[in-house]
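> Quick one: sequence plus predicted model below, questions after.
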Amino acid sequence: MKLSSWSGGEFYDGTLSPDGFGTYDLVGLTQVATIGGGPEGFAYVPLGSPLFANPSMIVSEYSAGNVATYETDALGNPLVGTRRDFMTGLTGAEGAFIDPLTGDFLFSTFGGGNEVVVVTGFAVPEPGTMLALGAGLAVLARRRRRR
């Protein structure tokens, strides 16, 4: 599990552990990097996307009003020295999502524009990623039905 903290930019690695009540606890939380701009959301860029030769992530920087990209290490953690501006001059960039069917990147703005922004041109995620996403959604649906 990867997490980021908006105010300080801390980026964490942790593990989900079943708690015996049908939910999970976050355990073993370790800070692995600090990224700037007030990260509000991040997503991993699909492999094979144009202009991204190396595994990368895209980060909505709420406080800075930007969207930035970082190359990632083998564990999916941002390599801080690789930061590049992707979009600038935004008001409160929030969230980050790569559409698994189209490869489009979506995020929203808050505090002036209040828009949902769609950026096209990314590669469509690999079939293995799609299968993992589908399996995860099936597990969530099954758990919801049991409750």
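Structure received. Numbering: from 1, shown residues only.

> okay, CA-based contacts and neighbour counts for the rest of this
Will do.

> Poorly predicted segments of the protein, please.
Across the chain, the ranges flagged by pLDDT under 70 are 127-147.

> again, only using 90
Per-residue confidence for the chain (pLDDT under 90) gives these ranges: 7, 91, 111-114, 124-147.

> Can you list the residue ranges for strands in it?
2-4, 10-18, 24-34, 39-44, 56-61, 66-71, 84-87, 93-98, 105-109, 116-119 (DSSP state E).

> Output those as TSV; include the columns mean neighbour count.
Shown next, in TSV, are the strands of the chain (neighbours: other Cα atoms under 10 Å):
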stretch	mean neighbour count
strand 2-4	17
strand 10-18	15
strand 24-34	13
strand 39-44	22
strand 56-61	26
strand 66-71	24
strand 84-87	13
strand 93-98	23
strand 105-109	20
strand 116-119	12
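
> what would those strands look like in JSON lines with distance to Pro125?
JSON lines is the format used below for the strands of the chain (distance: least, Cα to Cα, whole Å):
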{"stretch": "strand 2-4", "distance to Pro125": "19"}
{"stretch": "strand 10-18", "distance to Pro125": "23"}
{"stretch": "strand 24-34", "distance to Pro125": "26"}
{"stretch": "strand 39-44", "distance to Pro125": "10"}
{"stretch": "strand 56-61", "distance to Pro125": "13"}
{"stretch": "strand 66-71", "distance to Pro125": "17"}
{"stretch": "strand 84-87", "distance to Pro125": "20"}
{"stretch": "strand 93-98", "distance to Pro125": "8"}
{"stretch": "strand 105-109", "distance to Pro125": "11"}
{"stretch": "strand 116-119", "distance to Pro125": "15"}
